[in-house]
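# Below: sequence and its predicted model.
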Amino acid sequence: MKKYLLFIKRIMSFSLCGVLFILCCISKQTFSAEETAVSVSSVAETAGYQRIAGDNNLELYLNTETSDFYVKNLSDGYVWNSTAINSGEDPFAAGIYRTELNSLVSVVYYDEAGVQDYLNSYSSSVMDGNFKIETINNGFRVIYDMDDGILQLPVEVSIKEGSLIVKVLTSQMKAAEGYTIGSISVLPYFAVGKSTDEGYLFVPDGCGGLISFNDDKSGIAAYQKRVYGENITNEDTSLEALEDDTSVTLPVYGIRKNGSAMLCVIEEGASLASINANGAGNTTSYNQVYASYSLYDYMEYSISANSKTIFEEPDGSLCDLTERFYFLSGGEADYSGMARRLRESLIENGTLNEHRAQAAAYMTVWGGITVKRSFFGILTDRVIPLTSTDEIGKITDYAKQLGIESPVVRFMGWNAQELKGKAATDLKVSGAVENGKTSFEDLAASKDFTFVPTVETLLSYTKGNHIFSRFTTPALNLSKVAFTRKKVSPTTVLEYGKATYFLNAGHIEKHLSKISSAAEKRGFTYLGLSDAGRYLYEDFGKSTMKRYDMQDIVVNSLDSLAENTRLLFDNPNLYALKYADEVVNIPMRTGGHLLLDREVPFYQILLSGCMRYASTELNYENIDTALLKILETGSMPHYFMYYASESAVKNTEYSELCGGFYEKCLNNLAKIYPAVKEVFDRTEGSAIKSHSCLDEGVYMTLYENGTAVYVNYSAGDYALENGAAIPAGGYRTEVTAD
Amino acid sequence: MEKVRSMSAPKQLIFLLRVTAAAAIIASLFSGVAAKADTGYSTYTYSNTGEIVFSPDLYSAETVISGGELGIGTLSSPADLAADDSGCLYIADTSNNRIVVYDTETASARSISDFMMPDGSVTALKEPQGICGDGNGHIFICDTGNNRVLCTDTDGKVFMEILKPDSRYFTDGIEFIPKRIAVDSAGNIYVSAIGAYQGLSLFSPEGEFLGFYGAEEVEATADVLKDYVWKQFMTEEQRNIMASYVPPEACNIYSSSRDFILTIANSYYIPNTTEKSEMDSIRLLNPKGVNTISIDTASNPGKVIAADAKYLNFVAGCVDSEGFITLLDNSKNKIFQFDSEMNLLGVFGGSGSEAGSFITPSDIDTFDGKLYVLDSGNGTVTVYEETDYGVLIHNALVVYNTAAQTEAIDLWRQVLNYNSNYDLAYVGIGRALMNSGDAEEAMSYFELGHDSALYNEAFSIYRTEVIRTYGIFAVVAVLVFAAAAILLKRRRAALSLPQNRVTVSLSALAQSVRHPFLGFERMRYKKTLSFGLSLVCLALFMFLNLFRIQFTGKQFDMLNINEINLLWEMFGSLLILLIWTVSNWCFSVLIEGKATFREIWITSSYCLLPYTVACYIKVILSNFIVRQEEFFASCIVIVGIIWSLTMLIAAFSYFHEFEGMQIFKAMLLTLLGMAIIAILIFVVYMLVQQLVSTILVVFNELLFGIRTNWR
């Protein structure tokens, strides 16, 4: 009897396997794998996937027929697929989106006639069998031959140091004669979330934003933002967009799915990347986040009534695009875990150093502004002092009276050249600002505050001087004309005002080294930088400077500048963080894209325990909400101010400084600073371990030293498990057991 | 297309799919770039000179409501939104053929697509475009596709249906296509129907057609007349392209809590531009149907907006219980807020997919201090809440507009703490100071607020005070000065001037000014004309305008000296005199004038002197007088002009040897000649401009070729 049962069982299991196999064959590379990760891998192996590489943490499986792969995280057995599974059943995806679901890369290109077109690895290469797979050390390389030689693109996938490395070898990319490759999307459907999955997408917008899976937000445009801000020398972007403080400064994105998580860090080519995200139901039924890379630029050039598109011509080979994927499980598998993992890796490679700082208030003090004044019809630029060097002491004395000890004073608008609209080269103080007996040396030596003279414009200028002219030193656009930017009226969208030029490739390095020696000569122990840590642009001069070339130049210059001078940055990009001693204007919010459901202090978790970070300027903010936000993110409060009466900036080009009279600002600062200091002292400057949402509007930030900071934005009190209450609109600190 | 021919069938399919979908993907790939293009400051106002000026945010976009999140499915091209006093928000979900009722208190929504008619039958909507509620549980729906208005309760029970009125205005050929709807507190129903340019259709609470209300008038503006003239020269086709001047129907209407009706009607864009011939008509009609607001005649910033507003397309507006008027534009997706006196508070909004920016905003409403903006582009409603600054400035303006100036002063000072760019805050403080008697301090605030009329008032008070305190000293000073002058005159008479070319021509000039006929007669025969002296006279004339702008009393005008270009001013004065001289010389030769070119030039510039001096005196005087006394200063200028003319006549009669009517003939001919020369110069200028632009294009083309092939 038992034998019969066993026989029947065997027959049943065999036929089940057979049925499954047939099913898999019919739907080719798609296979049913609804429930657990383990079942996916077992079925996948039978469907043509084979283990190709692995280490103690990860295993890489490849389907040689389709070049699809999946990664298995051995710590939780979770499987991450390179493309959307069950793509055939997608009720939303139509046309091109359907084949893109199965693609590892997709490409936007321009043909000989300049017409835009689109390719993806599945429909243009895999379906025709025009691809080659080679094995490499601990991974594989696939070379796609798309649309019979329009594009040959090698992609390498490998396992290294416990993470997955995906490398698009754009340096070896071959495009057909006359074709321009506009942009490449890499792994657009890797690790996507289906409608049955739970989780969120993480995008590094501002402080960091989450997009919940399957929130019905159809009709809302997909999220897309350029990493390290817009390309300034692109004709389409406005100066305001470039100065958007909620731009993407970290080249990362992540997904949390069913209790497991993945973090992608763009290691090479970040300056070409854009982070893209879309919720289910818009174009496909998947929640996706991925990076796309703008490789070659183009511009519309019009001569009289005719316009012509100029394409960037390849000048040398491009840099490769490398993405590193970390897979997180258990308690690590959320946005806090992602930030911690990133922090660890940045500490490992020397970008960040563990350092416990003291609390401090940040004051951006404006020295002077330039206004146009006319006498008998002759317009002259005149510097109006807002705070002279003498008056800085008066401001800090007032701060001291209010109990604000040892603030950081970031002094702006003092450089004579900068005030004249010229690129700062010599770091000389304007005579209108430095009057009285106090010199910069005295200020730097002061024990009452940290004095950080700051130059805003190192890379752009409106007027030439003996070093920078309007003709020979600006960056050029694709038509080889000096690129200029003007203000745009938001009402009429017409340009107005002075043209701003940007330094070209040949001069950035020279210029920054001059600043370095000037800082040394003038004995600056601290120097604040703004655009140098943030601007990246292309220059189409004699040889093309891509954004990554500029990044290299800037990093080299900062390296030598940081040797003798401590640097303060204004919301810097990731590559500048290595040289930062202080950072200000770290965004506490996202840009507010409608797809984003929550803002999370990802950037702050990353910096915590390594560096003190100041908030964005709080002058116009509601003080109660601002305090909670500061406590939630562990930021330092930051105001801009000046000594002159606020009507001094009226009818000038600096109207945005209108709410900066120091007494009012310091009174507000003094209202929140004691609380900030008290809480920060309790955390002992340790790193943030986790951040979580306890209830609608109630958040907990847990520090490594065991301190938990609770904030409650909601209108009702919130009771903690231990019975303690967080009052509505209030905060509370607790010491937790662990 | 060769590509397609050589493809196999599945490849062709893929290619076709590619062509159709690539556009969508590409658009999505690059959408982020274009969306940001027009963001400036997130909130801004205008300065008195028309510059964009930063302002702290009045509102912040707190929440964005989407149909998907509310569980009622995505809204599809919703056209209209209305809030009523019950706290409900009604949305005409146009392409879904339904309405949505959103409760602001519970943040929940439900949709109604089937309605029960009074006779028990069930009826459905077809593209409803307008909706409003009366606060008593009644909803009024423009069922646009079915040419009717449905009046229902909140459960979808119809209690009244309004069809095409049986009126002589709605003849057989005209259909009744209701688009937007508003209800006043008495229950009167206002309907804006497509094509009904007679005005809004007004219905009684019982649904009876009462007539039209508040028709737009076509004014005979210069543009209309100009176009009328142009049309006479146009072909039939060209004429059809031009917009006809039928008054446009209101694209949106709104009933304020005071029963004023806000109507918005769009003007036409100038073909091939983003500019309109005139700004959209925005009217706030009182119960009589008379407009009570005008952006054009509002305070200075209002005028600036009127200039920029030609680039805008206002689609909706609302008025809150305090009288603040908020307008929505869908060309740059901006929201403009004004107070009841049409002072601009701020402009915000923009294009994009972030909270507080829009794709295609279609309607706006306000309730309980919040603004609700409907975006038909992505089917969302953005809820704006007042910021601290918003609350403050609203309070300040409410107090200020109720004429409680002294109470507003603290509020205005707080406003300045946030926004020291805001002119009205200075004006408000100035008014309060003037009321409390501190005229001198008030003057400095009015100056900062650029309000010269109020400055004039404060100055008048201040001057009285000064005269009262120092008047006696002034009298003494005048007496001393007069005595000194007499003494000096006596002594000067004793002085004998050295005789050289300069003094001779100077005294000749002085004589011709004092006794024009005698002076010019002697000047002709003694040949004491001086070219250098004529240049001095000309220079005085050249600097007149600059002097006027720099030194005119602020109670008359607060002119912006920065807008004056010195070179242009000088060149302009020089050119006028030159053309005069050339023209005069040419024509006087025709009628046998004897004067040489040099003589005409010199005498003409001498003749400018009395007028110029009078103007200088007026400018200096303007610092001591108030507006009401301007007449006296003007008298001086009139005397100057008469004096100059007399000198001119004298110069004509002695240098040209003209007599009687000949002088006037010569003058008229000269003016005619000036006009001809001006036209000639204009034509030459146009030609040169054309030539230059052609050369530039060729040059650019060449340069482009060289640049791009250089490497």
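Noted; the coordinates are in hand.
# Now the phi/psi pair for the residue minimising distance to the centre of chain B, please.
Central residue of chain B (CA atoms, centre = their mean): residue B:306, 2.3 Å from the mean position. Dihedral angles of residue B:306 (phi, psi; degrees, to the nearest 10) stand at phi -60, psi -30.
# from what I can see it touches residue B:279, true?
Yes. Contact criterion CB atoms under 8 Å: residue B:306 and residue B:279 qualify, at 5.6 Å. Using the backbone N, CA and C atoms, a C-beta is placed for each residue, glycine as well.
# if I look at the two, which residues touch both of them?
In terms of CB atoms under 8 Å, 6 or more residues apart in numbering or on different chains, residue B:306 and residue B:279 are both contacted by the residues residue B:295.
# Show me what from the stretch 451-600 of chain A comes close to chain B.
Applying CB under 8 Å from any CB of the partner chain, we find that the stretch 451-600 of chain A lies next to chain B at A:479-481, A:487-494, A:542, A:591-595.
# Output the set of residues of the stretch 1-150 of chain A in proximity to chain B.
Residues of the stretch 1-150 of chain A lying near chain B (CB under 8 Å from any CB): A:94-97, A:99-100, A:106, A:108, A:116-118, A:123, A:127.
# Taking those together, which two end up most distant?
Greatest spatial distance among the residues of the stretch 1-150 of chain A next to chain B (CB to CB): A:116 and A:127, at 21.8 Å.
# Quick one: list the elements packing against the helix or strand harbouring residue B:489.
In the assignment (DSSP states H and E), residue B:489 maps to helix B:452-494. When contacts are defined as 3 or more CB pairs under 8 Å, 6 or more residues apart in numbering or on different chains; DSSP states H and E, helix B:452-494 packs onto helix B:423-435, helix B:439-448.
# highest average neighbour count across these?
Sort the helices and strands packed on helix B:452-494 by mean neighbour count, taking mean count of other CB atoms under 10 Å in any protein chain shown, and helix B:423-435 sits at the top with a mean of 24.
# Report the angle between that one and helix B:452-494.
Going by axes from the mean of the first three to the mean of the last three CA atoms, to 10 degrees, helix B:423-435 is angled at 70 degrees with respect to helix B:452-494.
# Residues contacting helix B:423-435, please?
Under CB under 8 Å, 6+ apart, the answer for helix B:423-435 is A:647, B:47-48, B:299-301, B:343, B:396-397, B:400, B:405-406, B:408-409, B:411-413, B:415-416, B:419, B:439, B:441-446, B:448-451, B:454, B:457-458, B:461.
# Pull out the buried residues from the residues you listed.
Buried residues within the contacts of helix B:423-435, counting neighbours by 16 or more other CB atoms under 10 Å in any protein chain shown: A:647, B:47-48, B:299-301, B:343, B:396-397, B:400, B:405, B:408-409, B:411-412, B:415-416, B:419, B:439, B:441-446, B:448-451, B:454, B:457-458, B:461.
# Export the residues of the stretch 1-150 of chain A next to chain B as TSV, with columns for pLDDT.
Below are those laid out as TSV (pLDDT from 0 to 100):
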residue	pLDDT
A:94	74
A:95	76
A:96	76
A:97	80
A:99	85
A:100	87
A:106	94
A:108	94
A:116	90
A:117	91
A:118	92
A:123	90
A:127	89
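# Would you mind listing which of those are buried?
For the residues of the stretch 1-150 of chain A next to chain B, buried by 16+ other CB under 10 Å: A:95-97, A:99-100, A:106, A:108, A:116-118, A:123, A:127.
# among these, which are in helices?
A:96-97, A:99-100 (DSSP state H).
# do stretch A:720-731 and chain B meet?
No. Counting by CB under 8 Å from any CB, chain B has no neighbours in stretch A:720-731; the shortest distance is 14.2 Å.
# What's the end-to-end length of that stretch?
Distance across stretch A:720-731, first residue to last, is 12 Å (CA to CA, to the nearest Å).
# Could you give me the buried positions within it?
A:726, A:729-731.
# Put together a markdown table for these, with secondary structure on each row.
Below are these laid out as a markdown table (DSSP: H, G, I helix; E, B strand; the rest coil):
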| residue | secondary structure |
| --- | --- |
| A:726 | strand |
| A:729 | coil |
| A:730 | coil |
| A:731 | strand |
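# Turn these into a markdown table, columns for pLDDT.
Formatted as a markdown table, the buried residues of stretch A:720-731 follow (pLDDT from 0 to 100):
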| residue | pLDDT |
| --- | --- |
| A:726 | 94 |
| A:729 | 93 |
| A:730 | 94 |
| A:731 | 95 |
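# Which single one of these is nearest to chain B?
Nearest to chain B, judged by CB to the nearest CB, of the buried residues of stretch A:720-731 is residue A:729 at 14.2 Å.
# Not counting its neighbours along the chain, what's nearest the closest one?
Leaving aside its sequence neighbours, residue A:729 sits nearest to residue A:624 (CB to CB, 6 or more residues apart in numbering or on different chains; 5.9 Å).
# Residue A:160 now?
residue A:138 (6.6 Å).
# Quick check on the one you found: phi, psi?
Residue torsions, per degrees, to the nearest 10, at residue A:138 are phi 60, psi 40.
# what's the answer for residue A:121, then?
Dihedral pair for residue A:121: phi -70, psi -30, per degrees, to the nearest 10.
# Isn't it up against residue A:147?
No. Applying CB under 8 Å as the test, residue A:121 and residue A:147 come out as separate, 10.9 Å apart.
# ok, residue 628 - contacts?
I'll assume chain A. A:711-713, A:729-731.
# you looked at the wrong chain, it should be chain B
residue B:460.
# Please apply the same query to residue A:683.
Residue A:683 makes contacts with A:634, A:703, A:705, A:707, A:709, as judged by CB under 8 Å, 6+ apart.
# 10 Å instead, please
Counting by CB atoms under 10 Å, 6 or more residues apart in numbering or on different chains, residue A:683 makes contact with A:356, A:359, A:608-609, A:634, A:701-709, A:733.
# and what of residue A:415?
A:367-368, A:422-430, A:433, A:453-457.
# Which ones among these map onto strands?
Among the contacts of residue A:415, the members found in strands (DSSP state E) are A:368, A:453-455.
# Just to check, residue B:444 is in contact with residue B:459?
No. Residue B:444 lies out of contact with residue B:459 (CB atoms under 10 Å); the separation is 11.2 Å.
# Quick check: closest non-adjacent residue to residue 82.
Picked chain A for this. Nearest to residue A:82 is residue A:69, by CB to CB, 6+ apart, at 4.7 Å.
# Sorry, I should have been clearer: chain B.
Nearest to residue B:82 is residue B:132, by CB to CB, 6+ apart, at 4.1 Å.
# what's the spacing between that neighbour and residue A:66?
With distances taken as CB to CB, to the nearest Å, residue B:132 is found 58 Å from residue A:66.
# those strands in the stretch 1-150 of chain A, which residues are they?
With strands called from DSSP state E, counting those that start in this stretch, the stretch 1-150 of chain A shows them at A:49-54, A:58-63, A:69-73, A:78-81, A:105-110, A:116-120, A:131-136, A:139-146.
# which of the ones in helices among the buried ones among the residues of the stretch 1-150 of chain A next to chain B lies closest to chain B?
Nearest member of those to chain B, counting by CB to the nearest CB, is residue A:96, at 3.4 Å.
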